[in-house]
Structures are given as structure tokens and as C-alpha cells.
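> The following block contains a protein sequence and its predicted model.
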Amino acid sequence: MKKITLFLIVLAVSLSNKAETFMSPDKNFKMEFLMNATGEPVYSLTYKEKTVIQPSKLGLVLKNAPALLSGFSILKTESSTFDQTWKPVWGEVSDIRNNYNELLVVLEQKAEQRTIKIRFRLFNDGLGFRYEFDKQPNLNYFQITDECTQFALTGDHKTFWIPGDYDTNEYFYTISKLSEVDASKVNGNGIGTHGFFAKNGVQTPLLMKTTEGLYISIFEAALVDYPAMQLLIDQKNFILTSALVPDAVGTKAYMQTPQHTPWRTIIVSDKAADLLASKTILNLNEPSKIADPGFIHPQKFIGIWWGMHVPNHWSWNYADAPNIRLKDTDWNALTPLPQHGAKTENVKRYIDFAAANGISSVLVEGWNVGWEDWAGNWKEEVFDFVTPYPDFDVKAIHEYAASKGVKIIMHHETSASVTNYERHIDKAIEFMKTNGYDAVKTGYVGWIIPRGEHHDGQWMVNHYIRVAEKMAENRIMLDAHEPVRPTGLSRTYPNWMACEAARGNEYNAWSVGNPPEHETILPFTRLMGGPMDYTPGIFEIKMSHYQPGNKCQVHTTLAKQLALYITMYSPLQMAADLPENYEKHMDAFQFIKDVAVDWDDTKYLEAEPGDYITMARKAKGTSDWFVGAITDENARTAIIPFKFLDDKQWYIATIYGDAANADWKENPMAYQIQKVLVSSKTVLKQKLAPGGGAAISLKKAGKEEMKGLKKI
Ligand code: NOJ
Ligand code: CA
């Protein structure tokens, strides 16, 4: 990691109860901190002189102990400034500037003889702050029953929300005013866990747009040893209050000093695209703990996977057996189902396709015993993660994959039986090492065991990190499905490359699906915390292809599926469809073969949450650029200025766009591919169909290659 600049200057130490104000380095943000008459800590925030957060209280309620809410006075304050540029192991850009002004406030609660600290950091795109608790005689161990952090907004903003829920984020977004939020009206997510808690409860990251045109995102960074923060909306006064996910006995967090909470963040811009560029969440996380990240390599993968999600194709389970116990089942005695997906011959076919097309890895799900009754029974001993089904030949597959230069991605579905996973994880890792696996996809479908714990509570938050650390120690890359949503921890654990933690493409295979606007919202919400394994690249759009009469379908055009490789960033990017579907459209598949997964630079060209996004990215270590443009259910023309290209140079642009008559519903698979020459002066007007998109690859053109191509 190259440090370009680093300043740490203590500017002032003051001792008074008067309001403290400080500004962001570019002076666009101003924050004020004061103690009110009853000694409650209060902060407020403005952006370009517009109020973003009105005076809002801070504090915590404890179990069997006086609250940390009032009776405080300021013991001292310290100001400092920080400016450092760091290089992520992988990412959307190669250099990240971390530049903020900091105000640390030490508060004394005289009556209880306790102190707490609140640390504020103002960046050029927003604010982060957290509570810190030093070790002291009257504050050693304590339990938090409520965190009362307020975000008092200026009005009834338009908001893009999913219901507050302790166990899942797999919802599509509702766009409404804050006063109209009713989380009880949103249907469950369809995978059986639904920890809804209040009509006015919503999840973070919460995106809002004010009538003045400000975009506001409220979220958290570096969620470690603490439950996730959701929000309760006061629908009359527009005050949001933190709502922490409880544990099995109703407590929110168990603290032992010295300890601190995660950062609470408020990112603000008057341009939607700037929100997408924000690196504040990453900057608030600790630097990488992985000394030698050489094993971490961004990659594309295919999988024995979509075949289980589409109708009438494959199964995870080997046999039809609704009640099995791992330890006394003779697998060879069961009658195998013809549709079992993870058979040696299927895996070999996928390895061949990967090898022939430059795809690094093949994910295989349903290879290990236990899938016969894996979900819905809240069963503890559900998988052992090391015993293959009789038709999955571990050694032969390992050797075949190695001979073709392909890796197999391990799958650890835990069925949310986390106690069971933790009992088996060392052996499971040993199995991976013996058999040549260097990446794992974990999964947490169902209700958590220990029973009563939630996916987003403190216990599980710590579990996901334990797994990331263990995998890092063993030089294994990690992609977690159904975890708590990421909060920038991929900076600290760059082997934790992707998470699901939102409603992915799979919903399109077996449910009402994801509305066409879904992918125009996710980058502004869920992806603020880190990459998503959205599983793009579905070419066979309608499920009636597999089962006549089936009404499910992907809610995009084929071209939009290609554009998602740019707009939905992940360093682990799946080509999710079946090889046989790609083989019918190898001209379009070329984009998936070519597209990079790690970038030197990203330009956010135009964006409006819920409507459209256009981005350009420069592939790491090359001069190649890729552009992705997506729209919601409305057709539009994306305006793409190629200003980012090198001057005085023609580039071959291969444009994978919607055909003139394409439409996500009626005619989703109609695409057209054209090759033209563009330069930094070109402004392309690219038509996007309803629910459509376009993907463009740009390569510097040699003299010979330019022949016959039209310049635009
Ligand atoms: C849900 C995951 O999101 C999906 O990708 C996986 O195939 C199933 N669980 C089974 O583990
Ligand atoms: Ca899922």
C-alpha cells in the first residue's frame, strides 16, 4: 500500500459547552455539535448551506444500568485532519483518497462518573461518526438495549426503502414519501425467513431525495461486533432513529470496554452520480489485515447453479428422501434422481466450457450430502461439507479441472445452522485445501441456529467475520449469500470479495421477480457497502423456455444483462446462465468473455436512482474501457460522451445494444451488435429499450483494424 500523503495535525483542544462547528476539507459540509440544557449530545449537518440534518440527539440505553443519554458535559474536544491515498487490492478505481476533518468529543457524565467519546469525521461527500467507550471503573461490561441515534430530516423526503427486517434484505424497493412507508404491506421475500419488526421500520442503506434535489444516504461502516442498524421513522416529524437488531433474548449488543460502535454515515450530494462514486464507507473501514493478498484474484465464474433455479431442469438433492440423518444414511443405497445437477459428467462439461472461454472457475452446488431435507425443518445436523454424493467424483473433478486450468468454487450452504457450520469448518477447509479449491460461496438460507438469533444480529455479524478471517488464514476467497449486508469490510478483508445480501437475479427464475427499476436502485443502496454477487448474464429470459406456460421471467432485455457487468460491480462476477444458452448467442457472449472484473478507473456518467445509470470503467492495467448503460421500464436514450478516452486516438467500440423492437416483456432477447470507431470527441446517443440496456467494449484501434469501420 503506497502512502502518498499523510497529515495528522491536532488543531485545537478546547474545554467548553459551547457549540463546536467544523467543516469538510472542501468546506461544503458544516457540522455543529452541542450539549443541550439537559446535557444531551446534539449534532446537525448542512451541505452547501442547505440543512441536511436538523439538531438530532445521540445516546444509548443500557440494561440494568443508567442510560448514556443525558447529564453529559464536554470534557474536551480535539480536532485533526487526515489525507492519505491508498490502493485497494481490487476495486472500481486503483487509488482511493481518504481525506477528512475530524472532531473528537469527550463527554463526561458526572453523576455516573463515566465518560464516552463521539468521533466525527467530515469528508467531502458526507459525515461518519461513532461512539467510543474507554475502559474505566464504571464502564467495563454493559449491554445495549437501544441505540438512540437520531437523524432529524428537513421534510417528507422521497425514499427508496425495503422493510426493516432482522433476517433478510431480499426485497425489491418501494419508492414513496417517508410518511407513506408501511413495511407491513410488503410481501415476504419467498425464502422463508422474514423477520419484520415494525410498520415504520426500514433498512439501511436508506436512500432519500429531497425536494431541493439533494440525495441523502444513511448507512453504517465497519459493522464489527455489533448488530446491524436499521431505522424507525417518525412519520410526522421525519426523525429517523437507529433500531438495532436484537439477539435471542432481546438484547441488542454486548460490550466490553474498550470498544466502539460501527460508524453511522450520512452521504450527501446534489448529483446522484456522485453518490455512486463515494468511497467514504470504505475509508471508514480499517486497512487490509491480509499481509500477502497474492491469492486474491478477481475472476469470472460459471456454475452448476442456474439449472437448479429454473423450472424443470436440475435439483440440488441426489435422492427423494424427505427425512434423512447424515450419520445413518447409506447414500449408495438411495435411488439417484436423474435431475441431480452436480454429477461428475455435468461438472466436466462446465469445466470444458469455462476452459474454452477463458472463465476462471466453476461453482458447483448440490455436490455434498444433505440436500434431501436441507431447508424448512430448522434442523441442526444438516450438512457436513465434506461428503460428496456418490455421483460427484471429487478426485476426478479436481484432476480434470486442474488439467484444464480451471478452479472449482466450493459451496457451503449452511441452511443457517451456524453452530453446525462452525463445528465442521476446520475439516471443510482442510477438504478444500486437499482438493484444490481456493474460493467458497457460503449461504445462510433459513432461520438461524443458535435458535432465536438473527442474520443481522451481533452474534451473526461476528460469525461472518470469523469465517472471513478463517478463509483468509487459509488463502481462500469468500462470497457470502444471505449474510448481513456489507459495510465496507472488504477493505479490511479483501478476500471477502462479494456478498449477496439483497434480492438477486435468481428471484427472476422462480418468483414475481425483480422489477426493471431494481438494478437502477441497488448501486445507490446495497452496493454502497460493497460488491454484490447479483449473478448477471441471463440470456434465456423467459422460464416458459423450460416449462411451457411458466410465467416467470427475467425483467430485463438480454442486452441489459450484459450492461450489468459494468453497473453492478463485483470482483467475483458470475456468467450465470447455462452454457447451452450461451452457445446459441456466442456473439453476445463475447462481451462476457472480454469484460474485466478489476478496474483502474470508473466514470459515473449519468444516473438517477430508480430510472437509469450509465458508467464507464477502465480495465486494470490496460487501455481498454467498458461502458454499461441501463434503464428501468421506460425506454430512453443514453448520452455517452467518450471524453475519458485518450486524445487523438480511435477506439473500436463494439456496441451490444437492444434491437429496435426489443422490450423486456414482449421481446427481451432481441439484440444487435455493431462495431464503430469512436474518439474522445464522440458523444454516442444509444437507445435503450424498455427494461433495456447497452454494453460497450472499447479498444484502441490499429490502422488495419480501422478499415471499413464507420467513424462516429
Ligand atoms: C440461496 C442462494 O442465494 C442461491 O444462490 C443458492 O443457490 C441457494 N441459496 C442454495 O444454496
Ligand atoms: Ca439468496
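Thanks, I have the structure now. Residues are numbered from 1 along each chain as shown. Ligands and ions are numbered 1, 2, ... in the order given.
> is it true that G128 touches R121?
Yes. G128 is within contact range of R121, at 4.7 Å (criterion: C-beta atoms under 8 Å). The way it works is simple: take the backbone N, C-alpha and C, and place the C-beta from them, glycine included.
> any common contacting residues for these two?
The contact sets of G128 and R121 overlap at 100, 263, 284 (C-beta atoms under 8 Å, 6 or more residues apart in numbering).
> can you redo those as a markdown table with secondary structure?
A markdown table is the format used below for the shared contacts of G128 and R121 (DSSP: H, G, I helix; E, B strand; the rest coil):
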| residue | secondary structure |
| --- | --- |
| Y100 | strand |
| W263 | strand |
| L284 | coil |
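> List the contacts of stretch 513-520.
By C-beta under 8 Å, 6+ apart, the residues outside stretch 513-520 that reach it are 172-173, 503, 505, 507-508, 534, 552-556, 560, 564, 567-568, 607-613, 630-633, 664, 690-691.
> Which of those residues fall in strands?
607-608, 612-613, 630-631 (DSSP state E).
> residues contacting the residue of the stretch 1-150 of the chain found nearest ligand 1?
Nearest residue of the stretch 1-150 of the chain to ligand 1, counting by C-beta to the nearest ligand atom: W90, 21.7 Å away. By C-beta under 8 Å, 6+ apart, the contact list for W90 reads 296, 298, 494, 497, 571, 597-598, 620.
> swap the cut-off to 10 Å and go again
W90 makes contacts with 293, 296-298, 490, 494, 497, 531, 570-572, 597-599, 620, as judged by C-beta atoms under 10 Å, 6 or more residues apart in numbering.
> Likewise for D165?
Neighbouring residues of D165 by C-beta under 10 Å, 6+ apart: 171, 183, 186, 188-189, 193-197, 201-203, 230, 245, 454-456.
> With S24 instead?
By C-beta under 10 Å, 6+ apart, S24 lies in contact with 30-31, 45, 47, 99-101, 121-127.
> ok, now how distant is it from A695?
S24 is 36 Å from A695, where distance means C-beta to C-beta, to the nearest Å.
> Show me where the stretch 51-200 of the chain has its strands.
With DSSP state E, counting those that start in this stretch, the ranges of strands along the stretch 51-200 of the chain come out as 60-62, 72-86, 96-109, 114-123, 126-133, 141-147, 150-152, 158-161, 174-177.
> do you know how far the residue nearest to F238 when sequence neighbours are not counted is from ligand 2?
Leaving aside its sequence neighbours, F238 sits nearest to L153 (C-beta to C-beta, 6 or more residues apart in numbering; 4.3 Å). Distance from L153 to ligand 2, counting by C-beta to the ion, to the nearest Å: 32 Å.
> Check V181 too.
In this view, V181 and ligand 2 are 24 Å apart by C-beta to the ion.
> mind checking pLDDT for that residue?
V181 is assigned a pLDDT of 98 by the prediction.
> and the closest residue to L139 other than its chain neighbours, what are its bridge partners?
The shortest distance from L139 to any non-neighbouring residue, by C-beta to C-beta, 6+ apart, is to R114 (4.9 Å). Beta bridges link R114 to Q109, judged by DSSP bridges.
> contacting residues for the spatially closest residue to T387 that is not a sequence neighbour?
Nearest residue to T387, sequence neighbours excluded (C-beta to C-beta, 6+ apart): V369, at 4.7 Å. Counting by C-beta under 10 Å, 6+ apart, V369 touches 317-319, 324, 326, 329, 331, 334, 382-390, 392.
> And V369, how far from N332?
11 Å.
> Give me the common contacts of these two.
In contact with both V369 and N332: 389-390, using C-beta under 10 Å, 6+ apart.
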